[in-house]
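1. Got a predicted model here, sequence first, then my questions.
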Amino acid sequence: MKRAILSTVAAVLAAGATACSPPPPEQAGERTGSAGDWARPPVVESVERSGSALLVSGVAEPEARVVLRSDEGAAFAATADSLGRFEVGLPTPPEHLLLRPETQVGQDAAPSPDRLLILAAGQGPIVVLRPGGPTRRLDAAPVLGAIDSDGRMRLASGRVAPGTALVEVESRGETVQVTPDPQGRWSVMLAPHEGPDQIRVAGRDFVWPGQSAAPSRALTVERLEAGWRILWTGPGDARQSTWLPDRGAA
């Protein structure tokens, strides 16, 4: 069976994501200050490696303080310039590091729903995780960048060259055609399945390993034969599984 999905990433998420999924930070914002001002949570756009250090870049409120904070208490901060651009430097972590971006304006904070995941010592992908939404990979990834699952839904996502008209995704006998956004990013809902499951994207085959049986922990990272499987906890203690195929997986 083949059907076309003529939609951008935003439209797919609006129709398919769970009701508890937070809106994108660049659209949502969070109210701060007694005067009712709005502060935009920061958006991480890229992470570059430089020797033993990492440089995290993105956009936030102009001249606001941007903080990347871990649940264990580590924090890295910088101040955005007059255009809202920021760069935060941090050492390459010896252990897997999950960071929560937030904007600080005076005594108020606007936390992002996103989580920045940096795997230990440069071992693997660097990604932006989103509760109920598609993972955004910041590394060189294959056409299928990630599959996110909360045990009830599966969301496949990735990136192709800007200007690509359609991406064809096949899973469990059904084929859909998805229209990427102007940056080439795409996402589509897949039928629920515990796995493993073979998924074909733009002519390339990937084998999703399925849900993990790992115990409930704040962060679990598993190295698999053709990728990485991440179990993490978002706002409200919601558990989510994210599979990141290797660039050479096929």
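-> Okay, I see it.

2. And the helices in the chain?
-> Under the criterion DSSP state H, the chain contains helices at 9-16, 25-28.

3. Touching, Leu98 and Ala120? I think so.
-> No. Using CB atoms under 8 Å, Leu98 is not in contact with Ala120; the gap is 11.4 Å. For the C-beta atoms, the positions are set from N, CA and C on the backbone; glycine is no exception.

4. Comparing those two, which shows the higher neighbour count?
-> Leu98 (19 against 13; other CB atoms under 10 Å).

5. pLDDT score for that one?
-> In this model, Leu98 is scored at 94, pLDDT.

6. How about Trp38?
-> For Trp38, pLDDT reads 65.

7. returning to what we had before: weakest of the helices of the chain by average pLDDT?
-> Among these, helix 9-16 carries the lowest mean pLDDT (a mean of 35).

8. partners of Arg229 in the sheet?
-> For Arg229, the beta-bridge partners under DSSP bridges are Glu222, Trp243.

9. Can you get me a residue count around it?
-> With other CB under 10 Å as criterion, Arg229 counts 20.

10. Same question for Leu97.
-> 22.

11. Rank the helices and strands of the chain by mean pLDDT and give me the bottom one.
-> helix 9-16 (a mean of 35; mean pLDDT, DSSP states H and E).

12. pretty sure Pro111 is in contact with Leu68, am I right?
-> No. In this structure Pro111 lies outside contact range of Leu68 using CB under 8 Å: 11.0 Å.

13. got any residues that touch both of the two?
-> 100-101 (CB atoms under 8 Å, 6 or more residues apart in numbering).

14. So for those two, which residue has more residues nearby?
-> With neighbours defined as other CB under 10 Å, Pro111 and Leu68 compare such that Leu68 has more, 22 against 17.
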